[in-house]
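Turn this into a structure:
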Amino acid sequence: MSGTSTLGRPARAAREPQETSPARTALRGGGLLVLAALLLFLVALSTWIGAKDTSLGQVWTAIWNDDGSYATDVIRQLRLPRTLVGLMTGAALGVAGAVMQAVTRNPLADPGLLGVNAGASAAVVFGIGVIGLAGFGSLVWFSFVGAALTTVIVYILGASGRAGPTPVRLALAGAAVSASLSGVIAGLTVFDSATYDYLRFWMVGSLAGREPQLVVQLLPFIVVGLVIALLLARSLNSLALGDELGRALGARIARTRLAAVVVVTLLCGASTAAAGPIAFVGLVVPLVARWLTGPDLRWVLPYSMLLAPVLLLVSDIIGRVALPGDELEVGAVTAVIGAPVFIAMVCRRKEASL
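Model (predicted):
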């Protein structure tokens, strides 16, 4: 009887995130619709607001028809790509943060835990200071490759030994590789002022000046990462119970963890390449999503995918209008907004466990 009881409790615990009342399910679905509507409104607002005054009619016309006017060029070549990059980057960071927190079973983990930001930054520094690259398009791909290679190295280090890629080993490997790459970055930037000038703006995180081609180049990586993440939701729910209980429930722990690392690499690499390392989005948004929906990742992931671009676009719009005649980079605004939210969530102590 004791064995049955012991096995029964984990089984019930595993089903708890999934067994919800129809009313709660409808409420969560309604929340997603509200977030989607808010996001559409912010996309329109982001495309409308800028240094040059434009009307909503001009925005609508410019999206569907290129009439060759200056206003249309501004909207199609500057504002729309900026908005789409914010949309893509936000969704990628939000989902990557939720996956990282689930895989490490640490609600304070963020996408940079695997060294993605450090790898991207090191690649940019290497491209400018050593190879002499100057074009943003080339540096984007250097950033993406650097992020991917760093994640692979961290996973290999974390997977070494009999225990395999446990959350603690992955976190320690990521911290060690990030520290090493930070030393390399500091060494290269000290001796090259041009590299330092570029990196200090890139490290803040920005959506400004992104070209339409960038959206086309990075969109496939982000779409693939988001789809894999959504398909992993059920397995990540089992993984949250721990390795032993996850295996008892039929979860393939190693395969799930590897797929999660691939997701984080695709999403974080693409978003960092597009906008630089933007702070707090991948950390705060999954916390808020879990507060709204509960621990079930089948809801946390979609909520994170919508909440994060809402935060990013709001921050970008604030950055455009905060300073007369100038603007704040979006990474600085997300830090100002995200830090108090993060402190409030920690003080509640409700999100201490996944």
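
May I have stretch 133-146 exported as PDB, CA atoms only?
Provided in PDB are the C-alpha atoms of stretch 133-146 (Å, rounded to 0.1, in the frame of the first residue of the first chain):
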ATOM      1  CA  LEU A 133      34.300  44.000 -40.100                       C
ATOM      2  CA  ALA A 134      32.300  47.200 -40.200                       C
ATOM      3  CA  GLY A 135      28.900  46.300 -41.700                       C
ATOM      4  CA  PHE A 136      26.000  45.600 -39.400                       C
ATOM      5  CA  GLY A 137      24.800  42.700 -41.600                       C
ATOM      6  CA  SER A 138      28.100  40.800 -41.200                       C
ATOM      7  CA  LEU A 139      28.300  41.500 -37.500                       C
ATOM      8  CA  VAL A 140      24.800  40.100 -37.000                       C
ATOM      9  CA  TRP A 141      25.900  36.700 -38.300                       C
ATOM     10  CA  PHE A 142      29.100  36.800 -36.300                       C
ATOM     11  CA  SER A 143      27.000  37.500 -33.200                       C
ATOM     12  CA  PHE A 144      24.600  34.600 -34.000                       C
ATOM     13  CA  VAL A 145      27.400  32.100 -34.700                       C
ATOM     14  CA  GLY A 146      29.200  33.200 -31.500                       C
END
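
Now that stretch: average pLDDT?
The pLDDT scores in stretch 133-146 average 74.

do stretch 179-186 as well
On average, stretch 179-186 scores 86.

now stretch 343-354
Per-residue scores along stretch 343-354 average to 61.

Also stretch 286-295?
Here the average pLDDT along stretch 286-295 is 90.

now do stretch 212-223
For stretch 212-223, mean pLDDT is 88.

if we look at that stretch, which residues are touching it?
76-77, 80-81, 84-85, 88, 91-92, 137, 140, 144, 266-267, 269-271, 273-274 (C-beta atoms under 8 Å, 6 or more residues apart in numbering). To be clear about C-beta, it is placed using only N, CA and C from the backbone, and glycine gets the same treatment.

Out of those residues, name the ones that lie in helices.
80-81, 84-85, 88, 91-92, 137, 140, 144, 266-267, 269-271, 273-274 (DSSP state H).

Now, of the residues you listed, which are buried?
With burial judged by 16 or more other C-beta atoms under 10 Å, the buried subset of the ones in helices among the contacts of stretch 212-223 is 80-81, 84-85, 88, 91-92, 140, 144, 266-267, 269-271, 273-274.

By pLDDT, give me the weakest of those.
Val140 (77).

I'd assumed Ala274 was in contact with that one.
Yes: the pair Val140 / Ala274 is scored as a contact, 6.9 Å apart, by C-beta atoms under 8 Å.

if I look at Val314, how far off is Phe126?
34 Å (C-beta to C-beta, to the nearest Å).

And the two? Which one has more around it.
Neighbours were counted for Val314 and for Phe126 using other C-beta atoms under 10 Å; Val314 has more, 20 against 17.

Grab the nearest non-local neighbour of that one.
Counting by C-beta to C-beta, 6 or more residues apart in numbering, the nearest residue to Val314 once its immediate chain neighbours are dropped is Leu42, at 6.5 Å.

who's in contact with the one you found?
309-310, 313-314, 317.

Let me know the secondary structure of it.
helix (DSSP: H, G, I helix; E, B strand; the rest coil).

Same question for Pro302.
On the basis of three-state DSSP, Pro302 is classed as helix.

That one against Leu226, yeah?
No: contact criterion C-beta under 8 Å: Pro302 and Leu226 do not qualify, at 9.8 Å.

Compare neighbour counts for the two and give me the winner.
Between Pro302 and Leu226, counting by other C-beta under 10 Å, Pro302 is the more crowded of the two (25 against 22).

On the three-state scheme, the spatially closest residue to the more buried one that is not a sequence neighbour is what?
With C-beta to C-beta, 6+ apart as the measure, Leu32 is the residue that lies nearest to Pro302, at 5.9 Å, once sequence neighbours are left out. At Leu32 the chain is in helix, as set by three-state DSSP.

What residues does Leu32 make contact with?
302-303, 306.
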